[in-house]
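# pasting the sequence and the predicted coordinates here, then a few questions.
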Amino acid sequence: YIARKVIVELSEDRTNKRPLNVADWLAHTRPDHPLVKMLAESTDPALRLLVTGALQEHPTPTNWAILADLLKDTDPAVQNAAREVDAALRSLAAEDPMTFASSGPR
């Protein structure tokens, strides 16, 4: 219920910064939050764009499927944002894991 309410509010009021707050919140919360899928399936491209940060920060199998759909989006801005996320994730996946390993305390 709350997720649907957020979508309605985001759709109706574009004058505030709430969409940016929602996008940031999604990128830094549970990787499986239902609002990600709901926004990604919105008919409004501006709402679909809000999920790209969450998709990049939480590359779960579900979010990869959402990203695959957004890569084929009819809106060029959504498609471009999805391409950027896809490129960033593929670049990260190509890195040697040892690049990120700590040598521990010295």
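Received it, and whenever you're ready, just let me know what you need. Residues are numbered from 1 along each chain as shown.
# hmm, who's touching the helix or strand containing V36?
Using DSSP states H and E, V36 falls within helix 34-40. With CB atoms under 8 Å, 6 or more residues apart in numbering as the contact definition, helix 34-40 has outside contacts at 3-4, 6-7, 10, 22, 26, 47-48, 50-51, 54-55, 62-63, 66, 69-70. To be clear about C-beta, it is placed using only N, CA and C from the backbone, and glycine gets the same treatment.
# so which of the residues you listed are in helices?
3-4, 6-7, 10, 22, 26, 47-48, 54-55, 62-63, 66, 69-70 (DSSP state H).
# list only those of the residues you listed flagged as buried.
Among those, those that count as buried by neighbour count (16 or more other CB atoms under 10 Å) are 6-7, 10, 22, 26, 47-48, 54-55, 63, 66, 70.
# nearest to L89 among those?
L55 (8.2 Å; CB to CB).
# which ones are touching that closest one?
36, 63, 66-67, 70, 82, 85.
# farthest pair within these?
Longest span within the contacts of L55, CB to CB: V36 and A82, 13.3 Å.
# any weak-confidence spans in the protein?
1-5, 7-9, 11-20, 102-106 (pLDDT under 70).
# noted, bye for now.
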